[in-house]
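Novice: 3D model of this:
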Amino acid sequence: MPRNKKYEAVSDDQVIHMIDYGVAGSIGDWLNSSDLANERQRSTYEYAGVPLGHLTPQGVSTIVDTSTTEVIEAYIAILSELFLNNGKLARFTPIDEQPGSFKASRDASMITNYAIFKQNRGWEQIQTWMKSALLWKNGIIRWDFVEDFSYKIEEYDRIDQAQLDLLLSDENIEIVGDLQFENELTDIQPDGSGGVAELVYIDVRLRRKRDKSRVKITNIPPENFRIARDAATIEEAAFVGIQTDMTRSDIRKSWPDVADHIDDWDELGAQDDWTMTTSEEQAARKQVTGQGVYTRNTDDMSIEANREITVTECWMPVDRDGDGIAELKRFVVVGSHILFEEDVDDVPLASLNPIDIPFEFYGMSMADFARSSTLASTAILRGFVENTYLTNYAPKLADPNVVDFSTLQNMKPKQIIATNGSPVNAVAQLPPETISTGTVPLLTHLQNVKEQATGMSRAAQGLQDELYVSGNSEAKIAQVQSASQKRIQHIARRFAETGLKRLIQGVYNTMRDNMQTNVKYMDGATFRDVDIQSLPQDMECEIFLDLGENSNANLIAKYGQIGTQVLPGLVEQGYGSVVKPVAGAAIATRVIEALGLDASVFLEDYTTDEFKAHAQEEMAINADAQARTTEMADRLSAAEVGTAEANLLFTESQTQNTMEDNARALTIMLDKHYQEWADIAIKSGKEGVSVPEHPSIPELLMMSKAIMDKAAELSAPQEEEQLEAPLQEQELQQPI
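Specialist: Just a heads-up that it's a prediction; the model follows:
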């Protein structure tokens, strides 16, 4: 038998100690100068192109190369076009093949996209998130469900009981102040008699509450985020935290029960009398935007409620119930006080990282990849500028006993310079050194190195004019640009499969866990609503990114090929029985969904028993009609064969009859011929004249045949000329 063990629950003091240890051992920056913070600060200066920090000039020129700016802005422009152009970032996949599942997945996608892009400033938030990752290694975003209500006052001078009861039947309407009423006579007759006393309320004020609760999306500044050093992902981290400043007033409003028991306010987040109000990273951002950094005396903050205190919000597994298993908890702590504690299923944070380092949470940014090019090009460009400056304003050597230095330093046109003696050898100009001949090729080489390191080539940006010269076809240009964008597509896919997918799933799950009523969303120009509780609890999400094998264009092409080639080919070859009755409807549903439309608007649910029975009936009717058509075709074919045979027999019969008629006519003609010769012979005998020679019948036939052949030869050229004349006329009419 296993022995029951008693585990000790983690106390409040132990929780505070764990949080302090987690903050101390985490990666991040909070008013310190960690290496990570310094790298992000350098990236900020390089992106802004300001000569601060490590870019501080050593000579005259303050120019800074814009390689980092070009790379970051080019990437964010392309990624924003891919992800945020149509406001449809989320796309959930159906859990089965039923049209109802397609509709549920589309509803889930629509309400999630509406929550991100309409209820929040989705385009701005996600664009900032992606730019933070491209510039500062990692971008962090969070989502939370916030209860938010707006109120509208409605006033009525007079309202009767029935109307008031009807308005108050809405649970979002309540009375403001006290009700005042009076009796009013109604139904008074023309002669003044009668009348019924009715209760009427006067000067009524009602307050209508509008529920604006939603999922709120917020970007976390990099200096506020903390994560355990050994963590590779947010899901597996032993400690994840966010440190922010809150006023004492905000703390008391948010957690009044705990705040009432805090007596050591002055010891919480104690700072020196003079303190800088921003971290180094925030100070760098303010410097590059021209805001500057300032300090303030905390003693001047005389209003006690407005004093700021550092608040730590964190997520970590802790065994608070003593069962020996650490559950994921969310804590909000100030000093040694736990302001809030709750059980959570997941950390509502998502991270984007453009270039990952295996087994590490923080990776590399595109600014890191462009840094070497930025620094080298900056040094070379400054040399160019300073050489030009020294060429125009070369330093001079002067003898102080002959020439006045101040006059040489501030020369003016037509100015007379006083000298004490001959100035011929008293003033000499120092020529600047010659620029190396390899400087310009080196700049070109650095440009190529930057493009190879970042993947953001001129071809990818459409800036390579050489692509469009004569001889380069559109197909060749497309191949060059496609090859140069492989790195961009890889980073886009990485963003889609990591942080963006986690954000989409987190927003949807948070909405479903906290919203019990119908959720509205905008479908085109029409508002629709859906019962969010009727949607599946867990849905697989994919990011609406038109790249790769499963892009919309590829899917539509595949479905079209199945519908126009594969299925008809099976039917033609006699394998139509393997095709499901609902194959056509299924293809139509998928094509409509790939087009981003609701298939249920156009198609019936083809998975119901009624539809299947109707489909079976339609198939039987179609099969019967096909059988009848085939039978009629067979009969028609047999009739045509019979007709052909009858025509053949008729033709043979006609030929036989013709031959018999010809033989009969020939016999009659020969008989008549012999009769005539016999008559001639008799007459010749009577007259005593010799009988002429009887012609030979075969010779007569041969003579007739020869005459007919000769006549055919004479008529043949005339017929050919008659046939060629129209052809020649037709050729003349054809355009050349």
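Novice: ok, then the element right after the helix or strand of the chain with the lowest mean pLDDT?
Specialist: The weakest-scoring helix or strand in the chain, judged by mean pLDDT, DSSP states H and E, is strand 274-276 (a mean of 43). Once the chain leaves strand 274-276, the next helix or strand it forms, by DSSP states H and E, is helix 280-288.
Novice: restricting to C-alpha, output that next one in CSV.
Specialist: C-alpha atoms of helix 280-288 as CSV (Å, rounded to 0.1, in the frame of the first residue of the first chain):
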residue,chain,number,x,y,z
GLU,A,280,17.7,53.6,-20.2
GLU,A,281,15.8,52.0,-23.1
GLN,A,282,12.9,54.3,-22.6
ALA,A,283,15.3,57.2,-22.3
ALA,A,284,16.9,56.2,-25.6
ARG,A,285,13.4,56.2,-27.3
LYS,A,286,12.7,59.6,-25.9
GLN,A,287,16.1,61.0,-27.0
VAL,A,288,15.6,59.9,-30.6
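Novice: avg pLDDT for that helix?
Specialist: Mean pLDDT, computed over helix 280-288, is 84.
Novice: other SSEs contacting that helix?
Specialist: When contacts are defined as 3 or more C-beta pairs under 8 Å, 6 or more residues apart in numbering; DSSP states H and E, helix 280-288 sits against helix 35-48. Bear in mind the C-beta positions are built from the backbone N, C-alpha and C, glycine included.
Novice: which elements pack onto the helix it packs on?
Specialist: Applying 3+ C-beta pairs under 8 Å, 6+ apart, one finds that helix 35-48 makes contact with helix 67-84, helix 122-136, helix 280-288, helix 366-392.
Novice: columns mean neighbour count on top of those, output as a markdown table?
Specialist: Formatted as a markdown table, these follow (neighbours: other C-beta atoms under 10 Å):
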| stretch | mean neighbour count |
| --- | --- |
| helix 67-84 | 20 |
| helix 122-136 | 22 |
| helix 280-288 | 19 |
| helix 366-392 | 18 |
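Novice: now the ones you listed as a markdown table including distance to Ala228?
Specialist: As requested, those are arranged in a markdown table below (distance: least, C-beta to C-beta, whole Å):
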| stretch | distance to Ala228 |
| --- | --- |
| helix 67-84 | 29 |
| helix 122-136 | 19 |
| helix 280-288 | 20 |
| helix 366-392 | 23 |
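Novice: nearest to Thr510, out of these?
Specialist: Thr510 sits nearest to helix 122-136 of all the helices and strands packed on helix 35-48, at 15.0 Å, using C-beta to C-beta.
Novice: which stretches of the stretch 301-450 of the chain form helices?
Specialist: For the stretch 301-450 of the chain, the helices defined by DSSP state H, counting those that start in this stretch cover 366-392, 405-409, 439-454.
Novice: and Asp96, how many neighbours?
Specialist: Close neighbours of Asp96, defined as other C-beta atoms under 10 Å, add up to 8.
Novice: what sits against it?
Specialist: By C-beta atoms under 8 Å, 6 or more residues apart in numbering, the contact set of Asp96 is empty.
Novice: tell me the SS of it?
Specialist: Judged by DSSP: H, G, I helix; E, B strand; the rest coil, the three-state class of Asp96 is coil.
Novice: and it, what's its pLDDT?
Specialist: Looking at Asp96, its pLDDT stands at 71.
Novice: kindly report the same for the one 3 residues further on.
Specialist: Residue-level confidence at Pro99 comes out at 64, pLDDT.
Novice: and what of the one 3 residues further on?
Specialist: Listed pLDDT for Phe102 reads 77.
Novice: in which helix or strand would I find it?
Specialist: helix 99-117.
Novice: who does that helix touch, helix- and strand-wise?
Specialist: For helix 99-117, the packing partners by 3+ C-beta pairs under 8 Å, 6+ apart come out as strand 90-92, helix 122-136, strand 214-220, helix 501-514, strand 518-523, strand 526-531, helix 583-594.
Novice: could you export those as TSV, including mean pLDDT and distance to Gln626?
Specialist: Rendered in TSV, the data for the helices and strands packed on helix 99-117 read as follows (pLDDT from 0 to 100; distance: least, C-beta to C-beta, whole Å):
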stretch	mean pLDDT	distance to Gln626
strand 90-92	85	40
helix 122-136	94	54
strand 214-220	94	55
helix 501-514	92	48
strand 518-523	75	41
strand 526-531	80	42
helix 583-594	70	16
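Novice: as TSV, those with distance to Thr66 would be great.
Specialist: Conversion of the helices and strands packed on helix 99-117 to TSV gives the following (distance: least, C-beta to C-beta, whole Å):
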stretch	distance to Thr66
strand 90-92	35
helix 122-136	14
strand 214-220	25
helix 501-514	31
strand 518-523	40
strand 526-531	45
helix 583-594	41
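Novice: nearest to Asp346, out of those?
Specialist: Nearest of those (C-beta to C-beta): helix 501-514, 7.0 Å.
Novice: just the CA trace of that closest one, in CSV.
Specialist: Presented in CSV, the C-alpha positions along helix 501-514 are these (Å, rounded to 0.1, in the frame of the first residue of the first chain):
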residue,chain,number,x,y,z
LYS,A,501,-1.1,31.8,-33.5
ARG,A,502,-0.7,31.9,-29.7
LEU,A,503,-2.3,35.4,-29.7
ILE,A,504,-5.3,34.2,-31.8
GLN,A,505,-5.9,31.2,-29.7
GLY,A,506,-5.5,33.1,-26.5
VAL,A,507,-8.0,35.8,-27.6
TYR,A,508,-10.6,33.3,-28.6
ASN,A,509,-10.3,31.2,-25.5
THR,A,510,-10.5,34.3,-23.3
MET,A,511,-13.6,35.5,-25.0
ARG,A,512,-15.3,32.1,-24.7
ASP,A,513,-14.4,31.7,-21.0
ASN,A,514,-15.7,35.2,-20.0
